[in-house]
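A.B. asks: model the structure of this input:
(chains A and B)
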There are 2 protein chains.
Amino acid sequence: MKKIRIGIVGYGNIGRGVENAIKQNEDMQLVGVFTRRNPESITLQTENVKVYSVDEASNMVNEIDVMVLCGGSATDLPVQSPHFAKMFNIVDSYDNHSQIPKHFQAVDNAAKEGGKVAVISTGWDPGLFSLNRLFGNVFLPNGSDYTFWGKGVSQGHSDAVRRIKGVLDAKQYTIPCEDAVEAACSGKNPTLTTREKHIRECFVVAAPDADKSRIESEIKNMPGYFADYNTIVHFISQEELDRDHSKLPHGGFVIRSGQTGNGENKHVIKYSLQLDSNPEFTGNVLIAYARAAYRMAARGDIGCKTVFDIALIDLSIISSEELIKNFL
Amino acid sequence: MKKIRIGIVGYGNIGRGVENAIKQNEDMQLVGVFTRRNPESITLQTENVKVYSVDEASNMVNEIDVMVLCGGSATDLPVQSPHFAKMFNIVDSYDNHSQIPKHFQAVDNAAKEGGKVAVISTGWDPGLFSLNRLFGNVFLPNGSDYTFWGKGVSQGHSDAVRRIKGVLDAKQYTIPCEDAVEAACSGKNPTLTTREKHIRECFVVAAPDADKSRIESEIKNMPGYFADYNTIVHFISQEELDRDHSKLPHGGFVIRSGQTGNGENKHVIKYSLQLDSNPEFTGNVLIAYARAAYRMAARGDIGCKTVFDIALIDLSIISSEELIKNFL
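C.D. replies: Numbering: from 1, shown residues only, chains lettered A, B, ... in the order given. Got it, this is the predicted structure:
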């Protein structure tokens, strides 16, 4: 079997997750990792694979089938995705929801110029949660949507806490409120406020001389991040933070509640993820969509795609005959 | 907007569910219902739509875009699906899992002969549960699968009880065992026996002179249906059965539990349905796949398809631009 040759751009948590995922998929092969850092400063988990400077990628267009872009959505991907889509089939996990239409357009133009396939905004939200929001709407046209996140670490909120004066380190967990999840699953289509849906829990390491009550107040009143939520703040030591909060778990629920008949029959569709490692699971999702990008490109398709455009059979290593026999 | 013109073959529970579903989808229009019964004996829930004898369908190939086949899997669909696939784009809910490859082949030959698209084995199992079994395998290649059904009415098991001598009427509920669902969601990949996964609960109306202990024993020891399960039998009156057990609720869970990294990170994907009306929800699913069949045929595609072959965008009434903006 000819393996699908994968390149990884960016070797942070997601990049390492993708590297891990390649090992779980026997039709995949890691060809190289591309970084803006000094390549010699990076040691991969995979033997006999080289780390390159990101500028060397353009010399390797014939050696890589799909480039998996693992940069951040704030500043990396808006530049990298169109740049690489001119040269390679790509997959990214762009997650800035409000800017996705703009990102789609830029990547679509680039991919069409290069004759490549680009799959954007994969991962689990956007990605699998998007699929399930739409599946819910398709199968229950009369209904309401609910998305809950957590329990899990939000990197953005953890960063926001760390920027407060006197904070040395911090982790923030987003936690769905059980009552709200239960209400969403009741079939009664309740209206739920932001405050009712999630609570936020922060574990904070403060500098020895810092005013903890000021830090707590700054966290709880931070607009856009915490002001609209009930927030719990714990002050702990750096040792405790390192010991108890080093992992990156996450997950959540997509719930669609709807009616049929004359409204007398209620139905609830619930999709949930419970992930010990957000980046490793995200890596698995990116690699499945890399397989689809490769196959679509092999069929002569070009342009930007989303999870909505891709049939499940293109994500799977299993043959159509075997799928019909064993999975239907 | 030109509406998609739908015909329904078979006006039982599923046929009425499809009729209901058409009302929830503004791009759909019911053109006719086709029956083997006397057409005059049937009154539809939709005004100004005619009931035809099933033999009249062949005169209406230019008036119907997709024929939704609502017969049973035991004897109707193996004949009807290939028969209609020569003349119409079709959708069916063929659910005899072990015979699906054979059904696929027969329908594929017919659809290719007629230049039509046929989508088989839609509904929720096979159908949405199949999709979720495969999604689970794709995103967690190292893992275990669990499917649970219920709480819901199994028509096949209810029929089996009704065939016992001295039984006037009966309803059978399949109930997933909470401990087993919890174990499957634990991430520990337990091995669960048939008996551990589900219990079966029967509500039986016995003839006045019937030997209830013999009936109970015949139910509990019936091979293939009840012998491998813990079964609870209640004897109730016909009035109680009609009052408390007239609905057809169903549902269930598809769980995929898997590991990443060196096995230290566990992940659980759970998909669940909780349906007040199995046939009405199934009708909604059939109608969404009818939309996809129509669009694929309009693009010139032909042959037999399954849920694995169809991109989500083809199921939805919403435009690509709006999906990217509002659902990703």
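A.B. asks: what about the longest helix in chain A?
C.D. replies: Criterion DSSP state H: the longest helix present in chain A is helix A:278-298.
A.B. asks: tell me which residues in that one are buried?
C.D. replies: Using 16 or more other C-beta atoms under 10 Å in any protein chain shown as the burial criterion, the residues of helix A:278-298 that qualify are A:278-297. All C-beta spots, glycine's among them, are computed from the backbone N, C-alpha and C.
A.B. asks: so which of the residues you listed are also by chain B?
C.D. replies: The subset of the buried residues of helix A:278-298 within reach of chain B, by C-beta under 8 Å from any C-beta of the partner chain, is A:280-281, A:283-285, A:288.
A.B. asks: for those, which one is nearest chain B?
C.D. replies: The shortest separation between chain B and any of these is 3.9 Å, and it belongs to A:Glu280 (by C-beta to the nearest C-beta).
A.B. asks: contacting residues around that closest one?
C.D. replies: Applying C-beta atoms under 8 Å, 6 or more residues apart in numbering or on different chains to A:Glu280 gives the contacts A:16-17, A:20-21, B:260-261, B:265.
A.B. asks: okay, which residue is most central for chain A?
C.D. replies: Residue closest to the average C-alpha location in chain A (C-alpha atoms, centre = their mean): A:Gly123, at 3.8 Å.
A.B. asks: nearest residue to that residue in space, please, no chain neighbours.
C.D. replies: Spatial nearest neighbour of A:Gly123, excluding adjacent residues (C-beta to C-beta, 6 or more residues apart in numbering or on different chains): A:Ser93 at 4.0 Å.
A.B. asks: likewise for A:Tyr271?
C.D. replies: Going by C-beta to C-beta, 6+ apart, A:Tyr271 has A:Asn132 as its nearest residue, at 4.1 Å.
A.B. asks: how about the helix or strand that contains that neighbour: buried residues?
C.D. replies: Using DSSP states H and E, the element containing A:Asn132 is helix A:128-139. For helix A:128-139, burial by neighbour count (16+ other C-beta under 10 Å) applies to A:128-139.
A.B. asks: tell me what that helix is packed against?
C.D. replies: The contact analysis (3 or more C-beta pairs under 8 Å, 6 or more residues apart in numbering or on different chains; DSSP states H and E) places helix A:128-139 against strand A:143-149, strand A:250-260, strand A:265-275, helix B:128-139, helix B:278-298.
A.B. asks: next, the angle from that helix to strand A:143-149.
C.D. replies: If you take axes from the mean of the first three to the mean of the last three C-alpha atoms, to 10 degrees, helix A:128-139 sits at 170 degrees to strand A:143-149.
A.B. asks: now helix A:128-139: how far from the chain's centre is it?
C.D. replies: 16 Å (C-alpha atoms, centre = their mean, to the nearest Å).
A.B. asks: hmm, back to that, what's the spacing between the residue nearest to the centre of chain A and A:Glu196?
C.D. replies: Note on A:Gly123: its distance to A:Glu196, by C-beta to C-beta, to the nearest Å, is 26 Å.
A.B. asks: check A:Tyr173 too.
C.D. replies: A:Tyr173 is 18 Å from A:Glu196, by C-beta to C-beta.
A.B. asks: the more surrounded of those two?
C.D. replies: A:Tyr173 (21 against 15; other C-beta atoms under 10 Å in any protein chain shown).
A.B. asks: please determine how far the residue of chain A positioned farthest from its centre is located from chain B.
C.D. replies: Within chain A, A:Asn262 marks the point farthest from the mean C-alpha position, 38.5 Å out by C-alpha atoms, centre = their mean. In this view, A:Asn262 and chain B are 9 Å apart by C-beta to the nearest C-beta, to the nearest Å.
A.B. asks: quick one on the thing from earlier: take the ones next to chain B among the buried residues of helix A:278-298 and lay them out in CSV including pLDDT.
C.D. replies: Conversion of those to CSV gives the following (pLDDT from 0 to 100):
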residue, pLDDT
A:Glu280, 97
A:Phe281, 97
A:Gly283, 98
A:Asn284, 98
A:Val285, 98
A:Ala288, 98
